[in-house]
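> following is a predicted model, sequence given first.
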Amino acid sequence: MSDQETDGVRMPGGATVGWISEASEPVPVTVSVVDDSVRAKDALSRLNAGDTLMWTGDYHNGRQLLRAVDRRIRYRSDGAERPVGVRWREERRETSRRAEILGRLVVLIGADGSLGLRRAPDTREAVHWAWGRSTQGRLVSLRTLVGALGAAGWRRRGLEVAGLEGRLTPHYGVFSPTRQAYVALLDELGDASGRTALDVGCGTGILSFVLLQRGLASATGTDVDLRAVSCAQENGSRLGFEGRFRAVVADLFVEERFDWVIFNAPWMPETPATRLDRAVFDPEGETLQRWISGVSHHLRPGGQALLILSDLPERLGLRDPAHLGELFATARLQVVRESSRPAGHGRARDPSDPLNVVRASEQIRLFVLESMDGRD
């Protein structure tokens with residue numbers, strides 16, 4: 001059983017199956033069976049009422065129903081002008097509400113990972129990659145399954161990342177460098193030859209791999225998510241870094257010292273809604289604060305802490321512009337260099353997005369920090 005799977009969904013007819021959730025949604029109390037005869041309007045009414053609907057019709061018709069229901073979910077707003085931070089939070093609440101409604105349209109996958117619907121694709125590999133094997137059938141939201149199928153396609157094809165020789169193979173549920181401004185900031189670091197690095201919150205391992213190809217002697221990646229650690233380890237081996245790269249499950253640091261300690265930190269000081277959200281959302285900025293306060297203890301003499309962080313929270317009014325400087329001063333870290341790149345947010349080009357102007361101005365920053373106390 002994967003750590004997204006919960007036992008105990010009672011099916012029509014009395015059988016019990018597992019429940020897969022990426023956002024800790026509660027196990028459905030009851031499940032109703034629907035097929036090609038259900039209309040989108042009726043489905044939305046039932047989903048809004050909290051019903052869980054298990055799709056048993058044609059696979060492609062099920063995806064069409066999902067899109068039709070999505071189009072009918074209304075964005076709730078009174079049209080009043082509000083500060084951008086308030087509007088951002090409203091938008092996030094509405095996005096979560098939409099995901100919750102759509103997440104109640106579910107399908108049953110077999111113990112072998114297959115989907116027994118007409119015209120269904122072969123889902124077995126994608127299911128095994130995303131949630132492991134099981135001895136029983138499992139319910140999963142159709143929307144989530146579609147996401148897992150898409151992620152499996154990316155994993156098979158690989159992803160080209162500017163600055164990396166070879167393709168990266170992202171795994172389902174691991175934050176992928178589709179926006180690559182933060183990778184480009186590594187150009188500011190200069191010669192990596194002979195150095196050692198700790199890549200905190202390594203995800204796919206992309207920062208380590210780019211630096212290893214530029215002469216870094218060795219890198220250790222840490223992440224709290226086993227998915228990310230497995231992904232980074234697999235990519236490191238495939239790219240030829242066995243013996244120079246390792247990934248371990250750890251909360252920020254390991255008990256060693258390094259020339260560089262790198263952190264592409266979650267930037268939004270808000271609560272994550274899903275497991276993947278932890279790459280972006282950091283409640284009250286707690287993880288960022290812990291990294292800043294502890295990083296000097298993991299630097300070699302003359303070592304540097306490298307913090308990569310978006311300035312979107314400051315632009316939204318969710319973080320005081322002086323806050324970072326105060327944290328650095330408290331930890332006795334001095335900024336020896338700072339640079340930035342435009343985030344290149346895709347939604348910045350969408351004029352219908354109410355936060356278009358703010359997103360268009362977002363910058364990804366690199367802070368190069370040194371301890372004012374030398375070796376601790």
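The structure has been received and is ready for your questions.
> backbone phi and psi for residue 18, please?
Torsion angles at residue 18 (phi, psi; degrees, to the nearest 10) stand at phi -80, psi 170.
> now do the strands in the stretch 101-250 of the chain.
Assigned strands in the stretch 101-250 of the chain, in chain order: 105-109, 138-141, 196-200, 218-223, 245-249 (criterion: DSSP state E, counting those that start in this stretch).
> what packs against the longest one?
Counting contacts by 3 or more CB pairs under 8 Å, 6 or more residues apart in numbering; DSSP states H and E, strand 218-223 packs against strand 196-200, helix 206-213, helix 226-238, strand 245-249. C-beta: built from backbone N, CA, C; applies to glycine.
> with distance to residue 93, mean pLDDT and mean neighbour count added, can I get these in CSV?
Putting those into CSV (distance: least, CB to CB, whole Å; pLDDT from 0 to 100; neighbours: other CB atoms under 10 Å) gives the following:
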stretch, distance to residue 93, mean pLDDT, mean neighbour count
strand 196-200, 30, 98, 26
helix 206-213, 31, 97, 24
helix 226-238, 27, 96, 21
strand 245-249, 32, 98, 19
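> for residue 353, find the nearest of these.
Distances from residue 353 to each of the helices and strands packed on strand 218-223 were compared by CB to CB, and the smallest falls on helix 206-213, at 27.1 Å.
> nearest the middle, which residue of this protein would you pick?
Residue closest to the average C-alpha location in the chain (CA atoms, centre = their mean): residue 276, at 3.3 Å.
> hmm, that residue is touching residue 171, no?
No. With contact defined as CB atoms under 8 Å, residue 276 and residue 171 do not form a contacting pair (11.0 Å).
> list residues touching both of the two?
By the contact definition CB atoms under 8 Å, 6 or more residues apart in numbering, residue 276 and residue 171 are jointly contacted by no residue.
> for the residue nearest to the centre of the chain, give me its contacts.
Residue 276 makes contact with 22, 173-175, according to CB under 8 Å, 6+ apart.
> change it to 10 Å
22-23, 147, 172-176, 225, 227-228 (CB atoms under 10 Å, 6 or more residues apart in numbering).
> can you lay out those residues as a markdown table showing distance to residue 65?
What follows is the contacts of residue 276, written out as a markdown table (distance: CB to CB, whole Å):
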| residue | distance to residue 65 |
| --- | --- |
| 22 | 21 |
| 23 | 21 |
| 147 | 17 |
| 172 | 23 |
| 173 | 25 |
| 174 | 29 |
| 175 | 30 |
| 176 | 28 |
| 225 | 32 |
| 227 | 30 |
| 228 | 33 |
